[in-house]
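# how does the following fold in three dimensions:
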Amino acid sequence: MRRVVITGMGTVNPLANSVEATWDAVKEGKCGIAPITRFDTTDFKVKLAGEVKNFDPTEVLDPKEAKRMDVYSQYACAAAKEAMADSGLEMEKENADRVGCIVSSGIGGLSTIAEEHTKGETKGYNRISPFFIPMSISNMAAGQIAIMFGLKGICTSVVTACASSNNAIGDSFHRIRDGYEDVMVCGGAEGVVMPLAIGGFQSMKALCTSEDPNRASIPFDKERHGFVLGEGAGILVIEELEHAKARGAKIYAEIVGYGTNCDAYHITAPNPEGEGGAKCMTLAVKDAGLEMTDVDYINAHGTSTSLNDAGETLAIKKAFGDHAYKLMVSSTKSMTGHLLGAAGAVEAIITTLALKNSFVPATINYREKDEACDLDIVPNQGRNADINVALSNALGFGGHNASIVFKKYA
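Next comes the predicted model:
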């Protein structure tokens, strides 16, 4: 089977608006969570979010085009521009039919939907923007990126809630490994720090209501009581190894395995016995042709909800057995909050850099031990460690599970 490597990365997220600055923040253990500034939260129980900061789409996109994109597409396109520049890929030298794009969003253009609905209710539905539909549909980030760079291979969007971008990356990996494309631009984007989304998740009692940014997104901590909504995008350029070598591309790491399945248990809650997650991780490691004991680090889904963190811990124990206690298992959502459909892609970037730089990110702001979450979560302080194989988990509403295995390139 063909080998697949990562040659370019780009991101916009609550920590920073570039890969380099994001990695600097991760190493320092910074927290990107802060009081919501997008709207008045007086009547909301939820006061905090992981907002993208100091982002001006017109600095990276044509102002006219940016105006015709929902914010999630703006984030995706900004991250894609960084990733493509980072990769050094010159499309005029490529067979565009062999370059594809899978970029996902868990929700899509919800901000546009809310704005245009309000406009219709107050000014009449004949005043709806002609760009309403293309701005709001969840495949449009992929479409915009393909148009921007002339990518004529597969172009699609996987919508599996918070597992979306792990599925996008994993499906892209398989597309290259199986010979359908030579290069894929893949990842996810989300832009829903807005009243309708906060209100919806708040009504589910899914969100943290703490007003202290340092005690809000606290994965594996006994006092956790909900996730913090985040936003942003993560985009990777991945390609077949010989294709990358032939053009002299720098290589960050290798993608070697992918597993995906379904709990088939509940619309929002994970299976508390962790069966689906355990099988998903096992499928990914098997797909990589590795042993479970080969894995050194897991970037956990780690949302800071009671059910997820305990269930994911149990799933890791079931999948890895005694080796679970030798693993380092951290959640970088402690720094970024939960980016929904973009979470897996941003975490894939962080996991890739962890491998390349031999540094395991911390689970920051950890304080109270929970006996149900008793693995090595790398509390509060990142760790220098020579890791060779890492796994990144994403679990979504509907029971969707997706795990990706990354390996240090040698």
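# next one: stretch 400-410 to chain centre, how far?
13 Å (CA atoms, centre = their mean, to the nearest Å).
# can you give me the buried ones in it?
Buried residues in stretch 400-410, counted by 16 or more other CB atoms under 10 Å: 400-409. Placement of C-beta: from N, CA and C, glycine included.
# okay, these in JSON lines with pLDDT, secondary structure and distance to residue 325 next?
Formatted as JSON lines, the buried residues of stretch 400-410 follow (pLDDT from 0 to 100; DSSP: H, G, I helix; E, B strand; the rest coil; distance: CB to CB, whole Å):
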{"residue": "400", "pLDDT": "98", "secondary structure": "strand", "distance to residue 325": "27"}
{"residue": "401", "pLDDT": "98", "secondary structure": "strand", "distance to residue 325": "22"}
{"residue": "402", "pLDDT": "98", "secondary structure": "strand", "distance to residue 325": "24"}
{"residue": "403", "pLDDT": "98", "secondary structure": "strand", "distance to residue 325": "19"}
{"residue": "404", "pLDDT": "99", "secondary structure": "strand", "distance to residue 325": "23"}
{"residue": "405", "pLDDT": "99", "secondary structure": "strand", "distance to residue 325": "20"}
{"residue": "406", "pLDDT": "99", "secondary structure": "strand", "distance to residue 325": "22"}
{"residue": "407", "pLDDT": "98", "secondary structure": "strand", "distance to residue 325": "22"}
{"residue": "408", "pLDDT": "98", "secondary structure": "coil", "distance to residue 325": "22"}
{"residue": "409", "pLDDT": "97", "secondary structure": "coil", "distance to residue 325": "28"}
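# so residue 72 sits against residue 105, correct?
Yes. The pair residue 72 and residue 105 qualifies as a contact (CB atoms under 8 Å) at a distance of 5.4 Å.
# from residue 287, how far out is the nearest residue to residue 1 once chain neighbours are set aside?
Nearest residue to residue 1, sequence neighbours excluded (CB to CB, 6 or more residues apart in numbering): residue 177, at 5.2 Å. Separation of residue 177 from residue 287 (CB to CB, to the nearest Å): 9 Å.
# looking at the two, which one has more neighbours?
Neighbours were counted for residue 177 and for residue 287 using other CB atoms under 10 Å; residue 287 has more, 21 against 18.
# just the pLDDT at that one, thanks.
Looking at residue 287, its pLDDT reads 98.
# going along the chain, name the helices of the chain.
Using DSSP state H, the helices found in the chain span residues 19-28, 63-67, 71-87, 110-123, 132-136, 140-149, 164-177, 195-203, 241-246, 275-287, 306-320, 333-336, 343-357.
# give me whichever of the ones you listed is most buried.
Each of the helices of the chain was given a mean neighbour count from mean count of other CB atoms under 10 Å, and the largest, a mean of 29, is that of helix 333-336.
# mind giving me the packing neighbours of that helix?
Counting contacts by 3 or more CB pairs under 8 Å, 6 or more residues apart in numbering; DSSP states H and E, helix 333-336 is packed against helix 343-357.
# mind checking how far the helix it packs on is from the chain centre?
9 Å.
# angle of that helix against helix 71-87?
Helix 343-357 runs at 20 degrees relative to helix 71-87, counting by axes from the mean of the first three to the mean of the last three CA atoms, to 10 degrees.
# from residue 373, how far off is the residue nearest to residue 1?
According to CB to CB, residue 177 and residue 373 sit 34 Å apart.
# where does pLDDT dip in this protein?
Nowhere does the chain drop to pLDDT under 70.
# tell me the domain boundaries of it?
With automatic domain parsing as the criterion, the domains of the chain are listed as 4-246, 262-403.
# end-to-end on the first one?
One end of domain 4-246 sits 14 Å from the other (CA to CA, to the nearest Å).
# kindly report the same for stretch 16-32.
This stretch, stretch 16-32, spans 8 Å end to end (CA to CA).
# who's in contact with it?
The contact list for stretch 16-32, computed with CB atoms under 8 Å, 6 or more residues apart in numbering, reads 9-11, 13-15, 50, 52-55, 78, 82, 86, 213-214, 217, 230, 332, 334-337, 346, 349-350, 353, 357, 359, 361-362, 364-365, 380-382.
# off-centre distance for it?
Relative to its chain's centre, stretch 16-32 lies at 15 Å (CA atoms, centre = their mean).
# again, but for stretch 268-285
In terms of CA atoms, centre = their mean, the centre of stretch 268-285 is found 18 Å from the chain centre.
# same deal with stretch 49-59?
17 Å.
# quick one on the thing from earlier: between the buried residues of stretch 400-410, which sits nearest residue 193?
residue 400 (22.5 Å; CB to CB).
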